[in-house]
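> Pasting the sequence and the predicted model now:
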Amino acid sequence: MSEHLIRVEGVTKKYGRLLAVNELSLAVSAGEVYALIGANGAGKSTLIRILTGITTADDGKAFICGEDLARRAPQVKRRLGYLPEELFLYNRLTGREYLQLVAGLKDADSDSVLSEIEFFELSAVADKWVGSYSLGMRKKLGLAAAFAGAPDVLVLDEPLNGLDVEMMRKLRLRIEEERTKGRAALVSSHVMSFVERISTEWGIMRGGILVAEGSPQELRARAALLDAPFEDVFFHLAR
Amino acid sequence: MREQLRWAKQHLYTLLILSPLVFGISYMTVSRLAEEAPAWQPSQALGLLMAFAFVFSLIGLSLTRASGEIFHLRRPESVLDTLPVSLNTQLHAALAKRIGRTLIIGALLLIARALFDESNAFASSLVLPLLLFILITSLAEVLAALNWIHWGHTKNGVAAFGALLTVTVSAMLAGLLLISIFRPHGLPVFNHRWLVICGALWATVLYMLARVMHERWRASDIEYAKRLEAGSRVSAFGSRWLEKRFERAVAVELARDLQLTLRAFSSAVYVSLFISLLLLAALATVLMTGLLPAVTSEPSWLDSTWLPAVMAAKIVCVLVCTSLCVLVAVLVAYQLPHFWLERAIGTTGKQMWETKLWYARLVSLPAPVLACLVGMLSGHVPLFYSLPLLCECFWLWWLVSTLSGALAFEVPERPELSLILMISVACMFGLFVSVFWPAGFVIFAMNGIRALTERGQARANFFLQTEGD
């Protein structure tokens, strides 16, 4: 069995009476891209917040690179690159300063900041306040922060909002490149065409549980929709 | 209006307690300064120059804010551009905001007049010049902002020259009106009535000009205004030099915190700075005006620590340190939505706590130097006690900043409670130790700082682990 860089075992999370995630288990191996899809309120972001250690599960365990996240070992989190859906960035810092902060906290090489600025085409605005950035630029900055320091595990929550077509393509190629390097990624997105092209494994969530899981071919076969757009497969399985 | 009422509801503490406190202290200090100040009267020419300079500064300093109000830069009002709202309505809204802000200046001018003027009365004859001063200044601010953006966009020299001329005339008229408010009989050359008439006519001209320029230029200048706001920024605090002294995670966080403070992340930065300056001014006043008991005999070296001037300098040192250190509480509250980064990356509570501790120490570092300097320059601190006073002030700074910084994560989500806690603890210990400096060692001897450190780090860890939801 290949090494699981992301592993979730029977995770449950409640907010008051609302059961956001219900005894959910999944695993992502090295060299895999796992697409987490589902309607709004399905529990994707909660699961991601548990996976990144931002919030703790009421029950169950989450492991990153084989380490239990409940122990909150900083070394483990430094191997994780995370892009949250809702980006809270310091408006009064410049993009470069923000990335230097992230690199410093990750104890990553400062040069990685420069390469990420270049890759995500932020050079022209790197020394301007983040507060003046457009939605797309903010997303690029968040992505640059997630990729800084070459993390082993990438967790990207809605990475496409605000990105232009060219950057979407660059991001797709970058994720594929990271995958071939043996890294693992978990991506949550509503853009089916994007996730269909990058992912090796799918997980469809509804009401806090995984209702279907498998490779795109397996899911197509299960839905008996071999040639239909994946959107139809999703609707069929998520129903 | 509704939004502002809701904002006021959320900031009851600031509005009902903090603001009256700040204004009260300011009023008492300034009134004391006014009472003690010698009866200095500037010459007519100097008075005119000061008034022009004041109005020019007002117009110059408001350029960014006024252009933001006119072009709705990063403001919820930007939605108005997409709705069927006329350009004149938008200009009137921006002008109303400007007038609202200049009204505050007008009110402060009235208070200053009451403090410094012997007659000490709010004469009804002041109303018209004051209103015209507010109107002309606000209109000139709007006009200057419109032209500032247009000049940057088109580099139209003729328009810029015309604008400069208009603003200069406006500043001169507003300056004359200002003088007529402060010294109603100090303008023998200008007739008071004619000044008011000229002011009213000029205000009408300014309004017409602003209206025409806004109508003509807005559509072409709005994109430039947005780009202008995103100018490049220079980093004043690189983390490199901090990394030599601190762990890397602490160094980068500290660089971020200092950078945010330098860029005034909250209006509390201004308030804190203002209170500190006020306290130092109060110290200078107290020392210079002989308010303190006179020292009859030559004090011995050991007794000098209780000299009135030395005690005053130490007390002010504690208070200035406290006023600067409490920024920690505001900073933590400001950073609450941003702490997801620390949680996701795996920053430890110890690192976060250490950052805030050193932040408190660094922002309050000027306090001991300044308090000591004011004390020494006054000439009331014996020369032989200058160095010991500096050492005492540094000792007090270390103690006050350590106590304040250590409490950073006690009640992070309630900045008002955090402020009260920090001020109480810092003032209590600081003032006690300022009376008898070796008393500070008792806190160390009783393991007080160690216990505080452990508790602070535990609180930061608890905050990291529990507040993510």
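Thanks, I have the structure now.
> only C-alpha atoms for contact and neighbour calcs from this point on.
OK.
> quick check: domain ranges of chain A?
Here the domain assignment for chain A is A:4-79+A:155-238, A:88-151, based on automatic domain parsing.
> Comparing those domains, which stretch has the densest surroundings?
Most buried of these by mean neighbour count (mean count of other Cα atoms under 10 Å in any protein chain shown) is domain A:88-151; its value is a mean of 21.
> Quote the end-to-end distance of that one.
21 Å (Cα to Cα, to the nearest Å).
> separation between residue A:237 and residue A:212?
Between residue A:237 and residue A:212 the computed distance is 7 Å (Cα to Cα).
> Identify the contacts common to the two.
residue A:204 (Cα atoms under 8 Å, 6 or more residues apart in numbering or on different chains).
> And the residue nearest the centre of the chain?
With no chain named, the answer covers chain A. residue A:156 (2.0 Å; Cα atoms, centre = their mean).
> not quite, I wanted chain B
residue B:270 (2.3 Å).
> That one against residue B:261, yeah?
No - contact status for residue B:270 versus residue B:261: not in contact, 9.8 Å apart, counting by Cα atoms under 8 Å.
> which parts of the stretch 301-450 of chain B sit against chain A?
B:337, B:338, B:340, B:341, B:342, B:343, B:344, B:345, B:346, B:347, B:348 (Cα under 8 Å from any Cα of the partner chain).
> Tell me which residues are up against the helix or strand that contains residue A:220.
Residue A:220 belongs to helix A:216-223 when assigned by DSSP states H and E. The contact list for helix A:216-223 (Cα under 8 Å, 6+ apart) reads A:196, A:200, A:201, A:202, A:212, A:213, A:226, A:230, A:233, A:236, A:237.
> that older thread, after whatever helix or strand the residue nearest to the centre of chain B lives in, which helix or strand is next? Please name it.
Element membership of residue B:270, judged by DSSP H and E, is helix B:267-288. Using DSSP H and E, the helix or strand that directly follows helix B:267-288 along the chain is helix B:308-325.
> So which bits of that following helix are buried?
Buried residues in helix B:308-325, defined by neighbour count with 16 or more other Cα atoms under 10 Å in any protein chain shown: B:308-325.
> The biggest helix by length in chain A: how far from the chain's middle?
The longest helix of chain A (DSSP state H) is helix A:165-180. Remark: helix A:165-180 is offset 13 Å from the chain centroid, using Cα atoms, centre = their mean, to the nearest Å.
> Output the contacting helices and strands for the following helix or strand past it.
Per DSSP H and E, helix A:165-180 leads on to strand A:184-188 as the next helix or strand towards the C-terminus. With contacts defined as 3 or more Cα pairs under 8 Å, 6 or more residues apart in numbering or on different chains; DSSP states H and E, strand A:184-188 has these neighbours: strand A:18-29, strand A:33-38, strand A:153-157, helix A:165-180.
> so who does residue A:9 touch?
Listed by Cα under 8 Å, 6+ apart, the contact set of residue A:9 reads A:23, A:24, A:25, A:26, A:60, A:61, A:62.
> ok, now which ones touch the last one?
When the contact criterion is Cα under 8 Å, 6+ apart, the partners of residue A:62 are A:6, A:7, A:8, A:9, A:11, A:50, A:51, A:68, A:69, A:70.
> mind redoing it with 10 Å?
By Cα atoms under 10 Å, 6 or more residues apart in numbering or on different chains, the contact list for residue A:62 reads A:6-11, A:25-27, A:47, A:50-53, A:56, A:68-70.
> Which ones among the residues you listed map onto strands?
If you go by DSSP state E, the contacts of residue A:62 have A:6, A:7, A:8, A:9, A:10, A:11, A:25, A:26, A:27, A:68 in strands.
> For the last one, which non-adjacent residue is spatially closest?
The shortest distance from residue A:68 to any residue other than its chain neighbours is 6.0 Å, reached at residue A:62 (Cα to Cα, 6 or more residues apart in numbering or on different chains).
> returning to that earlier point: from the contacts of helix A:216-223, which is closest to residue B:130?
Using Cα to Cα, residue A:196 comes nearest to residue B:130 of the contacts of helix A:216-223, at 68.7 Å.
> Report the contact partners of the closest one.
When contacts are counted by Cα under 10 Å, 6+ apart, residue A:196 touches A:35, A:202, A:215, A:216, A:229, A:230, A:231.
> quick one: what helix or strand has it in it?
helix A:192-198.
> For that helix, what does the pLDDT average out to?
Averaging pLDDT along helix A:192-198 gives 88.
> cool, stretch B:141-150 as well?
The average pLDDT for stretch B:141-150 rounds to 92.
> Ok, stretch B:161-181 next?
pLDDT averaged over stretch B:161-181 gives 91.
> list the buried ones in it?
B:163-164, B:166-168, B:170-181.
> Now residue B:137: closest residue in space, sequence neighbours ignored.
Using Cα to Cα, 6+ apart, the closest residue to residue B:137 is residue B:174 (6.6 Å).
> Assign a three-state SS to that neighbour, would you?
Here residue B:174 is recorded as helix under DSSP: H, G, I helix; E, B strand; the rest coil.
> residues contacting residue A:237?
Residue A:237 neighbours (Cα under 10 Å, 6+ apart): A:204, A:205, A:206, A:211, A:212, A:213, A:219, A:220, A:222, A:223.
> What mean pLDDT does the host helix or strand of the fifth one get?
Element membership of residue A:212 [criterion: DSSP H and E] is strand A:209-214. If you average the pLDDT over strand A:209-214, you get 91.
> Determine the set of other helices and strands touching it.
strand A:18-29, strand A:33-38, strand A:201-206, helix A:216-223, helix A:230-238 (3 or more Cα pairs under 10 Å, 6 or more residues apart in numbering or on different chains; DSSP states H and E).
> got the contact list for residue B:453?
B:350, B:353, B:354, B:357, B:402, B:403, B:405, B:406, B:407, B:447, B:459.
> how near is it to residue B:408?
11 Å.
> and for those two, which residues touch both?
B:353, B:354, B:357, B:459.
> chain center to the helix of greatest length in chain B: distance?
Ranked by number of residues, the top helix in chain B under DSSP H is helix B:192-229. Between the centre of helix B:192-229 and the centre of its chain there are 29 Å (Cα atoms, centre = their mean).
> Please point out which parts of it sit buried.
Counting neighbours by 16+ other Cα under 10 Å, helix B:192-229 gives B:192, B:195-196, B:199-200, B:202-203, B:206-207, B:209-211, B:214, B:218, B:221-222, B:225-226, B:229 as buried.
> And the average pLDDT for that helix is what?
Mean predicted confidence for helix B:192-229 is 87.
> immediately after that helix, which helix or strand?
Sequence order places helix B:240-243 as the next helix or strand after helix B:192-229, per DSSP H and E.
> Tell me which other helices or strands that next one touches.
In terms of contacts (3+ Cα pairs under 10 Å, 6+ apart), helix B:240-243 is packed against helix B:248-262.
> Quick one: work out the angle between the helix it packs on and helix B:267-288.
70 degrees (axes from the mean of the first three to the mean of the last three Cα atoms, to 10 degrees).
> So for helix B:248-262, what gets flagged as buried?
Neighbour-count burial for helix B:248-262, counted by 16+ other Cα under 10 Å, picks out B:248-261.
> So which other helices or strands are in contact with that helix?
Short answer (3+ Cα pairs under 10 Å, 6+ apart): helix B:248-262 packs on helix A:95-106, helix B:240-243, helix B:267-288, helix B:327-335, helix B:349-363.
> Please give the centre-to-centre distance between the last one and its chain.
The chain centroid and the centroid of helix B:349-363 are separated by 23 Å under Cα atoms, centre = their mean.
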